[in-house]
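Participant: Can you look at this prediction? I've put the sequence above it.
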Amino acid sequence: MASASYPGVLSRAKNPRFMLILLAMLLGSTAGLWLFLRVAPSLDLVDQPNARSLHSTPTVVSGGLVPMTLLAAGVGSSTALPGATGIALLIAGLTAIGLLDDKWGLPSAIRLLCYLCAGIALPWLLSSDLPLGTTTLLLTGVAVAWCINLVNFMDGADGLATVQALCVATGLGLIATFGAAPNAILAWLCALLLACCAPLLGFNWPPAKLFMGDAGAVPLGFFLAVLGLLAFATDMSVGLAWLILMMPFLVDTGMTLCIRSLAGRLPHVAHRDHAYQRLSLVAGSPLPITLGVLGMQVAWQFPLAVTAVSSEVFPLLLVLLSAIPAVMAVVYARFRA
């Protein structure tokens, strides 16, 4: 993946056409979410509280349908992105699968198979001219499926997954624009994600008026994986910056699943053992946890991500350092919450 020069990235950012597209995405997402909030109850797209829920009142679900549909349209129109049409179709397809799961529930095996197929197709779409072996495709498929499930697992508290996605898009977008290895395509995709999903935060902020549901979490996880692959293709340091920005979700999910497995519990069975779930119950609201992740991103993850692409510091050390706050949160949640 060829990267663009620093002036090239800025020239694209100042292009009126691109600014108009982003403005249209922002306004379209806002209006679409407002309309969806009023139409969804008549379509029975309402999440009823259960034993695992952190909410106590019926709440509109599948709100992610709106921003993810717009995101698919924006990606499909990005002619500079290799395989843009195919990637847009994958986003749309995963959005549809998530919507079906929200509405009727799909067997986990079918969902996992769809995630793996999307993950296997992704590197071929991005680099169709490269000889990609079976092992590479399978490993990428597993990694993408993991990223999808990662976001899905963590989308259980008001605003949490939305804040995480916006922080990753903002941090990575700034690095792709002003960093040592600028990439106009990566910066543009980050801007698209921000424009489509920023309005969602207004509806999903605690106490949430609507949830993104699987219709949002599944394609969002896939798109974050797209950004990750493009980041690593740009430069190893940019890829590690993406990894650092994703660390809060990686640590919570990874440690929680390991602890459950060691305790003899099935890791894929629904539960309330995530650190964010335990801490939300103790706090009586998901708001402190969502604000905590936002603060962690601003004060810790982003500075380390910038350091990873702008200094000679051993990059793997920065990745390890980036995990410290999240590890501390998980340990606190296990032994004190």
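Facilitator: Here it is on my side, so go on. Residues are numbered from 1 along each chain as shown.

Participant: Need phi/psi at the residue lying farthest from the centre of the chain.
Facilitator: Centroid-distance maximum for the chain: G264 at 29.1 Å, with CA atoms, centre = their mean. Dihedral pair for G264: phi 80, psi 20, per degrees, to the nearest 10.

Participant: Quick one: residues contacting it.
Facilitator: By CB atoms under 8 Å, 6 or more residues apart in numbering, G264 lies in contact with nothing. The C-beta positions use only the backbone N, C-alpha and C, and glycine is treated the same way.

Participant: For T59, the count of nearby residues, please.
Facilitator: 21 (other CB atoms under 10 Å).

Participant: Just give me the neighbour total for the closest residue to G173 other than its chain neighbours.
Facilitator: Spatial nearest neighbour of G173, excluding adjacent residues (CB to CB, 6 or more residues apart in numbering): C190 at 3.2 Å. A count of neighbours around C190, defined by other CB under 10 Å, yields 25.

Participant: repeat for the one 3 residues further on
Facilitator: Other residues lying near L193 total 28 when counted by other CB under 10 Å.

Participant: what residues are up against it?
Facilitator: Residues near L193 by CB under 8 Å, 6+ apart: 71, 165-166, 169, 223, 227.

Participant: re earlier: just want to check the distance between the residue nearest to G173 and A198.
Facilitator: Using CB to CB, to the nearest Å, C190 is found at 12 Å from A198.

Participant: Quick check: buried residues in stretch 42-59?
Facilitator: Buried residues in stretch 42-59, counted by 16 or more other CB atoms under 10 Å: 45-47, 54-55, 59.

Participant: Show me where this protein has its strands.
Facilitator: Assigned strands in the chain, in chain order: 46-47, 59-60 (criterion: DSSP state E).

Participant: pLDDT weak spots in the protein?
Facilitator: 1-14, 51, 128-132, 267-268, 337 (pLDDT under 70).

Participant: circling back to that earlier point, just put the buried residues of stretch 42-59 in TSV and tack on distance to F249.
Facilitator: Compiled in TSV, the buried residues of stretch 42-59 are given as follows (distance: CB to CB, whole Å):
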residue	distance to F249
L45	25
V46	26
D47	21
L54	17
H55	20
T59	22
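
Participant: Pull the most distant pair out of those residues.
Facilitator: L45 and L54 (18.8 Å; CB to CB).

Participant: ok so, going back, show the buried residues in the contacts of L193.
Facilitator: For those, buried by 16+ other CB under 10 Å: 71, 165-166, 169, 223, 227.

Participant: Run a quick check on A283 versus L291, I expect a contact.
Facilitator: No - distance between A283 and L291: 10.2 Å, which falls outside the contact criterion (CB atoms under 8 Å).

Participant: OK, contacts around the closest residue to L321 other than its chain neighbours?
Facilitator: Closest residue to L321 apart from its sequence neighbours, by CB to CB, 6+ apart: L304 at 6.1 Å. By CB under 8 Å, 6+ apart, the contact set of L304 is 244, 318, 321-322.

Participant: Narrow those residues to just the buried residues.
Facilitator: By 16+ other CB under 10 Å, the contacts of L304 give 244, 318, 322 as buried.
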